[in-house]
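Colleague: requesting a structural model of the entry that follows:
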Amino acid sequence: MAEPTSPIVYDLTKQPLPAKVDTTQTKDSDGFYYRQGDFVEIAGDETVKVSASGNGIGVLLTSIHENQAPNGLDSRHRVAVLTPFKAVVKATANGAIAAGDAVKVTGNKAVKIDPSSATVADALAKIGVCWKGGADGAEVWILV
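Modeller: Okay, the predicted model is just below:
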C-alpha cells in the first residue's frame, strides 16, 4: 500500500511564501519595482503585485531593483513574502476557483465563498485564500 502524499506545498512557518511578480509593475523614483516592506496582494496564480486595494496577503522580505532587472521584469523574477498564513495546501476544486478567491476547505475539497456572507460553519471549515486556481475537479493551492 502506497503512503499518502502530504497536502502541504509550502510550510510557511519555516519559510516565506515564494511568489512570482506581476511583470507590469513600474519602478518607483528610487528604481525599485518591488521594495522590502511593500504590502502585496494576489495578482494571479502564485503571483503578487504591490497592493493598491488594501487586500494584501503580506509584506515583502526581498526587493527587486532596476539594477537586478535592467531590461524590466520578466517571468523569472521572484520575491519572498512574509504572510500570516501558516501553509499552502493542495485541495481539489469544487467548482472553478481563481487565485485570490476566498475559499473554505473541507476534507480535501475547496469551495469558493463570498466572505461578506460567510457563516460560522464556513469559518469552522477553515477559510483560506486561493493561491493557484483551477477548474472544477482540478488541483488548487490554498493559503491557510
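Colleague: what does stretch 65-77 contact?
Modeller: Applying Cβ atoms under 8 Å, 6 or more residues apart in numbering, the contact partners of stretch 65-77 are 20-25, 27, 31-33, 64. Yep, even glycine has a C-beta here, placed from its N, CA and C like the rest.
Colleague: which pair in these spans the largest distance?
Modeller: 20 and 31 (20.7 Å; Cβ to Cβ).
Colleague: what about those two, which has more around it?
Modeller: Taking other Cβ atoms under 10 Å, residue 20 and residue 31 do not tie; residue 20 has more neighbours (17 against 13).
Colleague: what pairs with the strand or helix carrying residue 104, and is each one parallel or antiparallel?
Modeller: In this assignment (DSSP states H and E), residue 104 forms part of strand 102-106. Strand 102-106 has the following strand partners under DSSP bridges: strand 109-112 (antiparallel), strand 127-132 (antiparallel).
Colleague: any chance of CSV for the ones you listed, columns mean pLDDT and distance to residue 78?
Modeller: Listed next are the strands paired with strand 102-106 as CSV, based on pLDDT from 0 to 100; distance: least, Cβ to Cβ, whole Å:
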stretch, mean pLDDT, distance to residue 78
strand 109-112, 88, 25
strand 127-132, 93, 14
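Colleague: tell me which of those strands sits most buried.
Modeller: Neighbour counts (mean count of other Cβ atoms under 10 Å) averaged over each of the strands paired with strand 102-106 peak at strand 127-132, with a mean of 21.
Colleague: how far out from the middle of the chain is it?
Modeller: The chain centroid and the centroid of strand 127-132 are separated by 7 Å under Cα atoms, centre = their mean, to the nearest Å.
Colleague: so what's the nearest residue to residue 83 once chain neighbours are set aside up against?
Modeller: Distances taken as Cβ to Cβ, 6 or more residues apart in numbering put residue 58 closest to residue 83, at 3.4 Å, once the chain neighbours are dropped. For residue 58, the contacting residues are 17, 39-40, 81-85, by Cβ under 8 Å, 6+ apart.
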